[in-house]
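Q: just the structure for this:
(3 chains)
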Amino acid sequence: MQTPSGLVTLLTDFGLGDPFVGVMKGVLLGTDQRLRIIDLSHGIKPGGISEGAFWLECSYRYFPAGTVHCAVVDPGVGSARKAVAVAAEHHFFVGPDNGLLAEVTLHAPHVEVREINLGKHGLLGASNTFHGRDIFAVVAGRLAAGQLTFADVGALVHLDVPSPIPGVVTEADGFVGNVLTVDRFGNVITSLRASEVLPAQGAGFHVAIAGKRYRSVRTYADAEPGELVALVGSFGAVELAVRDGSACDRLQPVPGASVKLFPS
Amino acid sequence: MQTPSGLVTLLTDFGLGDPFVGVMKGVLLGTDQRLRIIDLSHGIKPGGISEGAFWLECSYRYFPAGTVHCAVVDPGVGSARKAVAVAAEHHFFVGPDNGLLAEVTLHAPHVEVREINLGKHGLLGASNTFHGRDIFAVVAGRLAAGQLTFADVGALVHLDVPSPIPGVVTEADGFVGNVLTVDRFGNVITSLRASEVLPAQGAGFHVAIAGKRYRSVRTYADAEPGELVALVGSFGAVELAVRDGSACDRLQPVPGASVKLFPS
Amino acid sequence: MQTPSGLVTLLTDFGLGDPFVGVMKGVLLGTDQRLRIIDLSHGIKPGGISEGAFWLECSYRYFPAGTVHCAVVDPGVGSARKAVAVAAEHHFFVGPDNGLLAEVTLHAPHVEVREINLGKHGLLGASNTFHGRDIFAVVAGRLAAGQLTFADVGALVHLDVPSPIPGVVTEADGFVGNVLTVDRFGNVITSLRASEVLPAQGAGFHVAIAGKRYRSVRTYADAEPGELVALVGSFGAVELAVRDGSACDRLQPVPGASVKLFPS
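A: Next up is the predicted model:
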């Protein structure tokens, strides 16, 4: 198994306004001051498990093998949900078993999941409301620093909670997915992965949402100014975009709204 | 006295939209490129000294001993207020003497405060509007890098400005405190510290705010969906919360609003 | 020529809500895990090339010589605009040739610009929508890590796109510039640089905007509470400010609005 490299990423719904993320970093550095810590995102909407699961799955592979990804979107903190660590594709993941880590395991061929043994690791005194600081940062830090092997984390288990992202439905004339999230530029990102719904890289298609169809382009600059188009975004997901504008403002989609792709 | 460890935290009201924080980090690394810098928070509301003082006091202890905390919420920049450094509880603090560091000194048994000797340290040419960059980052960096001992900072002084957070008032049937701030999740955080107002960890209580009383729970998940409850938050302060919702939206409290706790 | 120091800054319009910046850091650390990465700003408004160019030029000199500044405000990503690297004043810059790097070159005496040779560096497979990750982070990382010399980047060229910030116009009784941006505190920042329009540091002046004139002060604390004043900000640009308030709320200026400075 891969050796952790001393690099930790953080993905949370904590925002950066309060010092919650800063304090998690203090705890991480308390395990070993040489750890390097990178923010993946703290802008997941509060309680947005499916959004967090999506971004984690499509982001982690851009980090070096051996990175420990500590992910905390945890509306059930203090309830009975498990705390787990996952090893997959030469990366490690630490977080709650509530679906947040499920997208990673779904798309990786070899996965090991272990329940964090709170008693063994002296973590039974954790607060009831901030496991990111009191459990997940401690375990992620010790794992990244090599103070704890993955096998030491706890017993092998299966994730209790499956992926929060509904699967793609294949129909006679196309594929039906869902709106997952909207990015900073107003691009509407869907659960349709190009690798699963397009016959080849660069293949053309149309996307229907809210009763209207839109053509695909290769990049934003290929759209007419103000045109609403579909394209394959930089993480391989089909998205809707407006050149020099916001597809979100135009479509005002609700998360989970249905989206259908028609191959050209 | 503790030796600085090369770790610096930053807490400001600068936000992250402009490059003010980035430039402070450039100056810090200009003193020693090996310094490690962690953002505690830059989301303190502009000029929010009491909010900054609260978060600083309840956050710093999660960092390793020897950390230098550089705190800049400084609406009086360019006026006659002192620039100071504080040593307390094996940590160091650098910032303006305007109340921002007072909460730390109030709750620590042994405290040393020194006025930054601007002339001695070549800092008389500082800008009139950005002492975070021109004074505090320089002193914090030199201190953290071991280029400057704490005694070298300047003469021993007392803080001029006391804590901006009003004390808790003890009444016959309970304790009266204030609303301090609201976090990302809409939780309303008060100046009532569990360690000062509750007889034991886990003891039940009620909280009255704006003429209504709310029961306490142990964690968010113990509340009914949509119920407004009180609980002891992860930093030991009494707060008001709504499960899967926002206590701020429901209560719309003004900062400083009165809050009373009744032990059960 | 300066040797890169292993320090990389990032300036983008990506915001911090999505993991775009985090993923760029993953790619940077994939070139060399010892790189140190600092966020200059990710709050440039989407597509705000002139705002980014301004902040980059006035920020970079606060970092140690040898820093590599990776700047990505790139609304034309996927179109024919060049990808370039710039060496100026012992610093390095990597980004699109769309005006973003032009302010730096305009104010530096010795400048070298090289077009990134995508084929030579194995970057022809870049996505069409995220060159920050697929081109600029890779080149910035290799440059900062010393895996690539500046001369190896590609052929010497001139920037195609000039500065997006209009020059200052000298009139008989003063200087006319423009509103560039607004900072977190509501200060309205103009293109008038004190070093170019004032006879000496500390010289008094008036500023006219939207038909009204305002006096200058030395620092915020010198204004009357609520008074709208002009002053030289901490980066040397003339700005309009309200003590304990927001000049932006009062003036509601549009970017590019005309501003005239009258020396006293």
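Q: if I look at A:V254, how far off is C:D183?
A: Counting by Cβ to Cβ, to the nearest Å, the separation of A:V254 from C:D183 is 35 Å. (Each C-beta comes from the backbone N, C-alpha and C, glycine too.)
Q: and these two? Which one has more around it.
A: Neighbour totals were compared for A:V254 and C:D183, and C:D183 leads with 22 against 9 (other Cβ atoms under 10 Å in any protein chain shown).
Q: do you know the pLDDT at the nearest residue to A:G186 once chain neighbours are set aside?
A: Closest residue to A:G186 apart from its sequence neighbours, by Cβ to Cβ, 6 or more residues apart in numbering or on different chains: A:S246 at 2.7 Å. The model reports A:S246 with a pLDDT of 95.
Q: thought A:C248 was touching A:G186?
A: Yes - contact criterion Cβ atoms under 8 Å: A:C248 and A:G186 qualify, at 4.2 Å.
Q: so what's A:P263 up against?
A: Counting by Cβ atoms under 8 Å, 6 or more residues apart in numbering or on different chains, A:P263 makes contact with A:174, A:197-199, A:203-205.
Q: A:C58 sits in which helix or strand?
A: Using DSSP states H and E, A:C58 sits in helix A:49-59.
Q: that helix near chain B anywhere?
A: No - applying Cβ under 8 Å from any Cβ of the partner chain, one finds helix A:49-59 separated from chain B by no less than 12.5 Å.
Q: is chain C contacted by that helix?
A: Yes - using Cβ under 8 Å from any Cβ, helix A:49-59 reaches chain C at A:55, A:59.
Q: report all helices and strands that that helix contacts.
A: Applying 3 or more Cβ pairs under 8 Å, 6 or more residues apart in numbering or on different chains; DSSP states H and E, we find helix A:49-59 packed against strand A:7-12, strand A:36-41, strand A:68-72, helix A:102-106, strand A:174-182, helix C:20-31.
Q: got the angle for the fifth one vs helix A:49-59?
A: Angle of strand A:174-182 versus helix A:49-59, following axes from the mean of the first three to the mean of the last three Cα atoms, to 10 degrees, is 100 degrees.
Q: from the chain's centroid, how far away is strand A:174-182?
A: Computed by Cα atoms, centre = their mean, to the nearest Å, the separation of strand A:174-182 from the middle of its chain amounts to 16 Å.
Q: dump the C-alpha coordinates for it into PDB.
A: The C-alpha coordinates for strand A:174-182 follow below in PDB (Å, rounded to 0.1, in the frame of the first residue of the first chain):
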ATOM      1  CA  GLY A 174     -30.000   9.400 -24.800                       C
ATOM      2  CA  PHE A 175     -29.000   9.600 -21.200                       C
ATOM      3  CA  VAL A 176     -30.800  11.300 -18.300                       C
ATOM      4  CA  GLY A 177     -28.800  12.800 -15.400                       C
ATOM      5  CA  ASN A 178     -29.200  15.600 -12.900                       C
ATOM      6  CA  VAL A 179     -28.000  19.000 -12.000                       C
ATOM      7  CA  LEU A 180     -25.300  18.700  -9.300                       C
ATOM      8  CA  THR A 181     -24.100  22.200  -8.600                       C
ATOM      9  CA  VAL A 182     -23.200  25.600 -10.100                       C
END
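Q: give me the sheet partners of it and which way each runs.
A: strand A:169-171 (antiparallel), strand A:188-193 (antiparallel), strand A:258-263 (antiparallel) (DSSP bridges).
Q: just the second one next, same as before
A: Applying DSSP bridges to the sheet, strand A:36-41 is found paired with strand A:7-12 (parallel).
Q: need the contact partners of the strand it pairs with.
A: Outside strand A:7-12, the residues that reach it (Cβ under 8 Å, 6+ apart) are A:20-21, A:24-25, A:28, A:35-42, A:44, A:52, A:55-56, A:59-60, A:63-64, A:66-73, A:132, A:140-141, A:144, C:19, C:22, C:26, C:29, C:33.
Q: just confirm A:R133 is within a helix.
A: Yes - according to DSSP: H, G, I helix; E, B strand; the rest coil, A:R133 belongs to a helix.
Q: can you report how many residues neighbour it?
A: Applying other Cβ under 10 Å, we find 23 residues neighbouring A:R133.
Q: near the residue nearest to A:C70 when sequence neighbours are not counted, how many other residues are there?
A: In this structure, A:C70 finds its nearest non-sequential neighbour in A:A140, 3.8 Å apart by Cβ to Cβ, 6+ apart. Neighbour count for A:A140, taken as other Cβ under 10 Å: 32.
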